[in-house]
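**Student:** predicted model and sequence follow; I will ask about them next.
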Amino acid sequence: MIIKVLGSAAGGGFPQWNCNCRNCAAVRAGVPGFRARTQSSLAVSRDGVNWALLNASPDLRQQINDTPQLHADPKLGLRHSPIKAAVLTNGDVDHIIGLINLREAQPFSIYASDRVLATLHANSVFQVLADGLVPRIEIALDKPFELEGAGVDLGLTVEAFAVPGKVALYLEDASSADFGSQEGDTIGLKITDPVEKKSFFYIPGCATVDEKLGARLKGASIVFFDGTLFTDDEMLEQGLLNKTGARMGHTSMSGASGSIAAFSKLGVGRLIYVHINNSNPVLDENSPARKSVEGAGWEVGYDGMEVRL
């Protein structure tokens, strides 16, 4: 099984188009130790020929161009794509807008929870993906299914499960204590190669690693996990946004309730942060924050990173 990190940044990418924070200014200036990143998405394949996207970033067109495995094969006709499916973990803008890049009458399947499918259905722009060519398939939580698309069995199974989180920002209900969040607004994925009996987890958005989630991930081979913020209040401290990570539905890396502490007891073989916000000091490869993360056994994912199982 081949896993490609297409994009490792949170919404807005790195540098973010309108941001002049220390990190964004440094990456624009070409300062050593800062690497530009597109918005969060993975691709996975069992055979290296047929691929599934895990989320569809607004930067997907660029990501496809930067990834030769996702190019149209000229030997297979004037119109072709190795992308056979897209599996969505939530309705965040940075995870669904890239679907629009996949128009042009190309068949593939979209898999998502009922909540996310309802969001796509309510926005007419997604009708550029014709129903007859691009079926939208509802994911039932905690029930593994075979991944298929464009008449191809990808040879992988997917199990989706609810994780602590909240509804996408643009769907929030300000009158509700939890902003109208419901189960299925944010999910994690377990992707398995049933022949090789190998699997990994992908959880790009998560508000906390609670007991139930910890038990599910204990002893996993690889987990790609939400790396949005290093500290819960870093965007407040930097004057970038008047929200904490918790308010946005993201757990921080550091602190007693952060992901480093939570995973320290789970015995996961390989831990990789993705969905990293432009404010996060770990984006500076020479920073104390980066050293502390790597010292705790974590890797900071980057665009083009490849993992094989």
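**Tutor:** Done, it's in.
**Student:** identify the residues contacting the longest strand along the chain?
**Tutor:** Criterion DSSP state E: the longest strand present in the chain is strand 152-162. With contacts defined as CB atoms under 8 Å, 6 or more residues apart in numbering, strand 152-162 is touched by 1, 44-47, 50-52, 84-85, 87, 111, 113, 139-148, 183-184, 186-195, 216. Just so you know, the C-beta spots here come from the backbone N, C-alpha and C atoms, and that holds for glycine as well.
**Student:** tell me the helix or strand right after it.
**Tutor:** Per DSSP states H and E, the first helix or strand lying C-terminal to strand 152-162 is strand 187-193.
**Student:** pairing partners for whichever helix or strand comes after that next one, with directions?
**Tutor:** Later in the chain than strand 187-193, the nearest helix or strand by DSSP H and E is strand 198-203. Strand 198-203 has the following sheet partners, assigned by DSSP bridges: strand 187-193 (antiparallel), strand 222-226 (parallel).
**Student:** residues contacting the helix or strand just after strand 198-203, please?
**Tutor:** The C-terminal neighbour of strand 198-203 among helices and strands, as given by DSSP H and E, is helix 211-217. Residues from elsewhere that reach helix 211-217 (CB under 8 Å, 6+ apart): 161, 163-164, 188, 201, 206, 209, 223, 262-263, 265-266, 268.
**Student:** how far off centre is stretch 301-309?
**Tutor:** 13 Å (CA atoms, centre = their mean, to the nearest Å).
**Student:** stretch 8-19 too?
**Tutor:** Taking CA atoms, centre = their mean, the mean C-alpha location of stretch 8-19 is offset from the chain mean by 14 Å.
**Student:** for it, list every residue counted as buried.
**Tutor:** Residues of stretch 8-19 classed as buried by neighbour count (16 or more other CB atoms under 10 Å): Ser8, Ala9, Ala10, Gly11, Gly12, Gly13, Phe14, Pro15, Gln16, Cys19.
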